[in-house]
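J.: Sequence first, predicted coordinates after that:
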Number of protein chains: 2
Amino acid sequence: MNDATANSHAKILEVAEALYARRGFAGVGMRELAEAAGLGKSSLFHHFRSKVQLYLAVVERVLARVEERVQPILTAHAPAAERLDRWIDALVDAFAEQPASARLLLRALFEEDEFDAADWPEGQAAERRLANVLDGITRLLQQGMRAGEFRAASAPHVVQTLIGATIYHFASGEIGERLLGGPLLSAEAVRARKAEMKQFLHYGLAARPASSDEGGQS
Amino acid sequence: MNDATANSHAKILEVAEALYARRGFAGVGMRELAEAAGLGKSSLFHHFRSKVQLYLAVVERVLARVEERVQPILTAHAPAAERLDRWIDALVDAFAEQPASARLLLRALFEEDEFDAADWPEGQAAERRLANVLDGITRLLQQGMRAGEFRAASAPHVVQTLIGATIYHFASGEIGERLLGGPLLSAEAVRARKAEMKQFLHYGLAARPASSDEGGQS
DNA sequence: GTCTATATCACGATAGAC
DNA sequence: GTCTATCGTGATATAGAC
């Protein structure tokens, strides 16, 4: 693959990420996408055999960026609580620096039944990366619980909460900005979100002696 | 409006909710939708003037169900912590009993830029209901903080976390089921999610004396 | 590797019979 | 209130020149 081809690929993936994040798989046509990338529709089909393959390549690339940021933290020599803080920082950074990625990933979770991602190599790679990330953070939480750094809780449920709280926040757009009363992606807002999330988990997972009414359910 | 018309409306909204939740606004055609509802495409346009109006009517109906469940709790005579527990129970119940609604709402947050919801009465009603729900839970959290039941935190950030943790969980589908190792919507799984969320908030928001390292940021 | 031209099909929406 | 038929448009994808 020569430089010109590689550059076209990157450019296409870039504009496709932004468009798919805004209107989803079905909402973006190959014609519109080609024009936004600065070439003809047929040229697009030269680079990607089908719309599904292009879409999955975009998703895979986003997940690769996330995985690249968070996975190294898991094996650091540090207490689980400290690694968790750094993991949250890294995940937030990944979403904040590429504003389209949170929406794209959130949509991708649901659009998987418009086609079968397992039929395409890009889809298999994407699923593998997602599984790695989820598996890694689950193990980290379990390590912290076994070590007594965190209270006993369901690690998978905490992961669901952690992912939901992060990805929803950065995908929430106007709704989130109206609630917060300001921008979601400014440096200050990103810093604030990291601090709130880490503090919430610090309290929410802290090991402490049992009290009389803890875990009460209505 | 006679009974036949009302029944058609309800049936259409029902099948549209399921389809839009699965494939989104752009991914579902009026023809497919009409056939799923058991009538011809043109008959659909007799009940709803356009695809956008039908879609917004579906979203509005889902938000109405959520609002109906959670709003009465806000004004109950009970401590904020207890009302928060009941609010979480009600929100989870709303999503769990209508499995499509979490995905539909999550998608609706992003599909708002395929058209302008404010141009349609159904869209205005939906936005009003959403604002009511978010405003109500924000006030409840602020009441609890002022009363000293909760620690001082950013109420809007807690709302973002709470909404994200709930809606993402029930929209996560196969990903969530693989992580949890079981179904998401069984009575037992719903009960477990409620307990985990309430316990997490119980710890995460509990007022307590300041310790030396709380809120530490990396 | 990019283009024009085209094939085939589905889309949202409307007209008008019944 | 439901139907058939149709309009105009845009969808994904391919063929083949350059």
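T.: That came through, no problem. Residues are numbered from 1 along each chain as shown, chains lettered A, B, ... in the order given.

J.: Mind checking the pLDDT average for stretch A:190-201?
T.: Averaged over stretch A:190-201, pLDDT sits at 98.

J.: got the buried residues for it?
T.: Going by neighbour count (16 or more other CB atoms under 10 Å in any protein chain shown), the buried part of stretch A:190-201 is A:190, A:193, A:194, A:195, A:196, A:197, A:198, A:199, A:200, A:201. Every residue, glycine included, has its C-beta placed from N, CA and C.

J.: where are the low-confidence patches of chain A?
T.: A:1-6, A:209-218 (pLDDT under 70).

J.: can you rerun that using 90?
T.: Applying pLDDT under 90 to chain A flags the ranges A:1-8, A:109-114, A:207-218.

J.: With adjacent residues omitted, what lies nearest to residue A:8?
T.: Excluding the flanking residues, the one nearest residue A:8 by CB to CB, 6 or more residues apart in numbering or on different chains is residue A:47, at 6.0 Å.

J.: need the contact list for the one you found.
T.: Contacts of residue A:47 were listed using CB atoms under 8 Å, 6 or more residues apart in numbering or on different chains, and they are A:5, A:8, A:9, A:12, A:54.

J.: Just the buried residues from those, in ChimeraX please.
T.: Burial among these is assessed by 16+ other CB under 10 Å; the matching ChimeraX selection reads:
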select /A:8,12,54
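
J.: related to what we said a few turns ago, the buried residues of stretch A:190-201 in helices, which ones?
T.: Mapping these onto helices (DSSP state H) picks out A:190, A:193, A:194, A:195, A:196, A:197, A:198, A:199, A:200, A:201.

J.: Tabulate those (JSON lines), appending distance to residue B:102.
T.: Below are those laid out as JSON lines (distance: CB to CB, whole Å):
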{"residue": "A:190", "distance to residue B:102": "26"}
{"residue": "A:193", "distance to residue B:102": "22"}
{"residue": "A:194", "distance to residue B:102": "26"}
{"residue": "A:195", "distance to residue B:102": "28"}
{"residue": "A:196", "distance to residue B:102": "23"}
{"residue": "A:197", "distance to residue B:102": "21"}
{"residue": "A:198", "distance to residue B:102": "26"}
{"residue": "A:199", "distance to residue B:102": "27"}
{"residue": "A:200", "distance to residue B:102": "22"}
{"residue": "A:201", "distance to residue B:102": "23"}
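
J.: between these, which is nearest DNA strand C?
T.: Ranked by distance to DNA strand C (CB to the nearest atom of the strand), these are led by residue A:190 at 35.7 Å.

J.: was I right about the closest one contacting residue A:92?
T.: Yes: the pair residue A:190 / residue A:92 is scored as a contact, 6.4 Å apart, by CB atoms under 8 Å.

J.: helix/strand/coil for residue A:183?
T.: coil (DSSP: H, G, I helix; E, B strand; the rest coil).

J.: That one reaches residue A:174, doesn't it?
T.: No: the criterion here is CB under 8 Å, and residue A:183 misses it with residue A:174 at 10.9 Å.

J.: For chain A, list the residues in contact with DNA strand D, please.
T.: A:28, A:29, A:30, A:31, A:32, A:41, A:42, A:45, A:49, A:50, A:51, A:52 (CB under 7 Å from any atom of the strand).

J.: go again using 10 Å as the cut-off
T.: Within chain A, the positions adjacent to DNA strand D are A:25-35, A:40-46, A:48-55, A:115 by CB under 10 Å from any atom of the strand.

J.: So how do I select the buried members of those in ChimeraX?
T.: Only the buried members of the residues of chain A next to DNA strand D enter the following ChimeraX selection, criterion being 16+ other CB under 10 Å:
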select /A:25,26,27,28,30,33,34,44,48,51,52,53,54,55,115
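
J.: Phi and psi next, for the closest residue to DNA strand D within chain A.
T.: Among the residues of chain A, residue A:29 lies closest to DNA strand D, at 3.0 Å counting by CB to the nearest atom of the strand. Backbone torsions of residue A:29, given as degrees, to the nearest 10, read phi -90, psi 160.

J.: what do you get for residue A:206?
T.: Per degrees, to the nearest 10, the backbone of residue A:206 is at phi -60, psi 130.

J.: got it, and residue A:78?
T.: phi -160, psi 160.

J.: And the next helix or strand past whatever helix or strand residue A:137 lives in?
T.: In this structure, residue A:137 sits in helix A:121-146 according to DSSP states H and E. Using DSSP H and E, the helix or strand that follows helix A:121-146 in sequence is helix A:155-171.

J.: May I see the buried residues of that following helix?
T.: A:155-171.

J.: For the helix or strand following that helix, what is the distance to the chain centroid?
T.: Next in sequence after helix A:155-171, counting helices and strands by DSSP H and E, comes helix A:173-180. Centroid displacement of helix A:173-180 relative to its chain, using CA atoms, centre = their mean, to the nearest Å, is 19 Å.

J.: Using CSV, write out every CA atom in helix A:173-180.
T.: What follows is helix A:173-180, C-alpha atoms only, in CSV (Å, rounded to 0.1, in the frame of the first residue of the first chain):
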residue,chain,number,x,y,z
GLY,A,173,-24.3,16.5,23.9
GLU,A,174,-26.9,19.3,24.3
ILE,A,175,-28.7,17.4,27.1
GLY,A,176,-25.5,17.2,29.2
GLU,A,177,-24.6,20.8,28.5
ARG,A,178,-28.0,22.0,29.5
LEU,A,179,-27.7,20.0,32.8
LEU,A,180,-24.2,21.1,33.5
